[in-house]
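Novice: okay, predicted coordinates and the sequence, questions at the end:
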Amino acid sequence: MARGSVANHLKLSWLLLRGGLRQAAGRLNGHPLLRWPLPQLKADRLLIAPQDLRTADTTLATEIYSGRFAFAGKVVICDGRSIFEMEPPSDEWATALLGFGWLRHLRAAESGITRANARALVDEWIALQGSWHPVAWRPDVLSRRIISWLSQAPLVLQDADARFYRRYLRSLVRQVRYLRHTAGDARRGVARMQAEMALTYAALCIAGQARHIKPATDRLRHQIVQQILPDGGHASRDPGAIIEILLELLPLGQAFASRNIAPPQALLNAIDRMMPMLRFFRHSEGTFAHFNGMGATPAELLLTLLAYDEIHGAPLSNAPHSAYQRLEAGGGVLIMDTGRAPPIEMSLEAHAGFLSFEFSTPKGCLMVVNCGMPQTAREDWRPFARGTPAHSTVTFNDASSARFVETPAFRRVLGGSPMLGGPSTVAATREDRADGIVLRAAHDGYAGRYGILHERTILLAADGARFEGEDMFLAADGSAQLRASDDRFAVRFHLHPSVKATRLTDGHGVMLMTANKEVWTFTAPDARVELEDSVYLAGTGPRRTSQLVIRGHAGATPRVLWTFQQTTSAALATAGTTRRLREEEPRLPL
């Protein structure tokens, strides 16, 4: 067994053991005979309430007041009972309810009725689950609730009597103290970062917590250094993690200023690095690229965050640490995954989409996409969404370029399925030329199983109205011949649901029409192009769409050429052939 494989299996075993011990400790903590009360810390008031940047909807306040709670695609109607006594229809629904993020909708309604409703619901939770609950006291849920209670304190505490005020603060301080002991058990990545941000918020906002400001800030600084890469991306390689973290980091910086305390430099530096990445992953029509767990783009939240970007500069073209490339010309945007798998402990949402890309047209329409991750029913779609066939890249023998540990034990203990394997080496180079931008990348994710390297070259024309590609299949051992078996390939290009596709009669091309009536033509001069069904998951719900597929055997067809061309007179006048992409260029080192 390879050394890397042994190390991965040892790390997986440790993660499973640690997660099991954490769950066992949680069950013991919740046992009635062992549920000792935590010592109380003295706190008589809140000093500040941090800003909540998330958007609110007053219509949801009306639904909550009527006893209708709709989260994560599921609806529960109280019918006279407390919502905290109802059986949750899914873990996602329970997480949303017990995180109390919905308080912002009640605050947006701004009335005495909604304030009273908020106090009643908080009081019910304290009575029913304030001592213990297996989901409510999970570190990730607890972190979200602490931040929500702090930021929505003006809603809950306005007009409150002294008794409720003290009850609210006692519960809040108890939750904070418990999180201090369990934050290290939160899943590595965004959940761990949110736990440390929640503790830092609490130290700044609650009276009597001043001595905790420095240790909380130090722990947060450590997480920032571990998770935020030098180019501003996140260690999980999930673009959506940038949005989630910035939604808390920005108000946290303001909370430091409100207390006349200088924010840690690591926090300010992280914000400065992450802001340009918001523009890096943003397509010409405004949505985020769908890589490594990113689903539907929270458009209003993204615009809110972009309003804090004081530089408003052009996005980066190369994110070397996050391992993505952005090609932008003439308004057309092509974003490509040129990286390896993230660390195992941060790979629970990672996708095997190596060398996949997305393209949005100069007139602002998504055309070529990855399937993405759905907002709801994630468990149903997750195995498909994470696999290589759900991405606009090449698959061999219908297999993913990485493996997923789908055993129930890992899903139950870790909250997801880690990704193993994938490329050990990914090489990428880019060149700005007079006729456009050339990107060349290669990975060895299939080398161990099938002895094949995949190399992809793309030229985005200077006017953004054409991009040409070449996929090459090379022998991993450097020989001239590929193995005769196990070399079936499929080159896939998933289309956005708004794109209408019509197959051309010659079998070598497909005509595409975007939502704003742009007409493009996809051609593969030396291959047969199939038009097959696909599904787009990164929206409000799964939507049927199409994919362009070229199939063959790498031994017989080691090179596939293809072109996307906008069929306008200007584009036709500048059209070239895909064969210009390679002029005896050296092979990328792997």
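Specialist: It's in. Numbering: from 1, shown residues only.
Novice: thought Asp91 was touching Asp140?
Specialist: No: at 11.1 Å, Asp91 and Asp140 do not qualify as touching, with contact defined as Cβ atoms under 8 Å. Quick note: C-beta positions are derived from backbone N, CA and C, even for glycine.
Novice: the two: who's more crowded?
Specialist: The neighbour comparison of Asp91 against Asp140 (other Cβ atoms under 10 Å) goes to Asp140, with 20 against 14.
Novice: distance check, that one against Leu420.
Specialist: To Leu420, Asp140 is 24 Å away according to Cβ to Cβ, to the nearest Å.
Novice: low-scoring pLDDT stretches of the stretch 351-500 of the chain, where are they?
Specialist: Counting by pLDDT under 70, the ranges of the stretch 351-500 of the chain that qualify are 377-378, 410-414, 483-484.
Novice: which stretches in it count as strands?
Specialist: Secondary structure of the stretch 351-500 of the chain (DSSP state E, counting those that start in this stretch): strands at 357-360, 366-369, 394-396, 403-404, 419-420, 426-433, 436-443, 452-461, 466-475, 488-495, 500-503.
Novice: would you format those as TSV with distance to Ala255 and mean neighbour count included?
Specialist: Putting those into TSV (distance: least, Cβ to Cβ, whole Å; neighbours: other Cβ atoms under 10 Å) gives the following:
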stretch	distance to Ala255	mean neighbour count
strand 357-360	36	27
strand 366-369	37	26
strand 394-396	47	23
strand 403-404	39	19
strand 419-420	36	22
strand 426-433	40	15
strand 436-443	42	23
strand 452-461	43	24
strand 466-475	45	22
strand 488-495	42	23
strand 500-503	49	14
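Novice: so Asp231 lies in a strand, does it not?
Specialist: No: secondary structure of Asp231 (DSSP: H, G, I helix; E, B strand; the rest coil): coil, not part of a strand.
Novice: what about Ala270, which helix or strand?
Specialist: helix 265-280 (DSSP states H and E).
Novice: OK, contacts around Arg403?
Specialist: By Cβ atoms under 8 Å, 6 or more residues apart in numbering, Arg403 lies in contact with Met419, Leu420, Gly421.
Novice: ok, the first one touching Ser400?
Specialist: It stands for Met419. No: Met419 is beyond contact range of Ser400, at 9.1 Å (criterion: Cβ under 8 Å).
Novice: that older thread, what helices or strands is the helix holding Ala270 leaning on?
Specialist: Counting contacts by 3 or more Cβ pairs under 8 Å, 6 or more residues apart in numbering; DSSP states H and E, helix 265-280 is packed against helix 213-227, helix 239-258, helix 299-306.
Novice: SS state for the residue nearest to Leu60 when sequence neighbours are not counted?
Specialist: With Cβ to Cβ, 6 or more residues apart in numbering as the measure, His105 is the residue that lies nearest to Leu60, at 4.1 Å, once sequence neighbours are left out. Look at His105: counting by three-state DSSP, its state is helix.
Novice: could you report the neighbour count for Ala108?
Specialist: If you count neighbours by other Cβ under 10 Å, Ala108 ends up with 16.
Novice: that one should be in a strand, yeah?
Specialist: No: the assignment for Ala108, made by three-state DSSP, is helix rather than a strand.
Novice: buried stuff in the helix holding Ala270?
Specialist: Ala266, Leu267, Ala270, Ile271, Arg273, Met274, Met275, Pro276, Met277, Leu278, Arg279, Phe280 (16 or more other Cβ atoms under 10 Å).
Novice: report the contact partners of Thr545.
Specialist: Per Cβ under 8 Å, 6+ apart, neighbours of Thr545: His494, Leu495, His496, Pro497, Val499, Asp533, Ser534, Val535, Tyr536.
Novice: over to Gly286?
Specialist: Contacts of Gly286 (Cβ under 8 Å, 6+ apart): Thr297, Ala299, Leu302, Gly364.
Novice: neighbours of Gln129, how many?
Specialist: Neighbour count for Gln129, taken as other Cβ under 10 Å: 17.
Novice: pLDDT score for the closest residue to it other than its chain neighbours?
Specialist: Nearest residue to Gln129 in three dimensions, chain neighbours excluded: Ala136, at 4.8 Å (Cβ to Cβ, 6+ apart). Ala136 carries a pLDDT value of 97.
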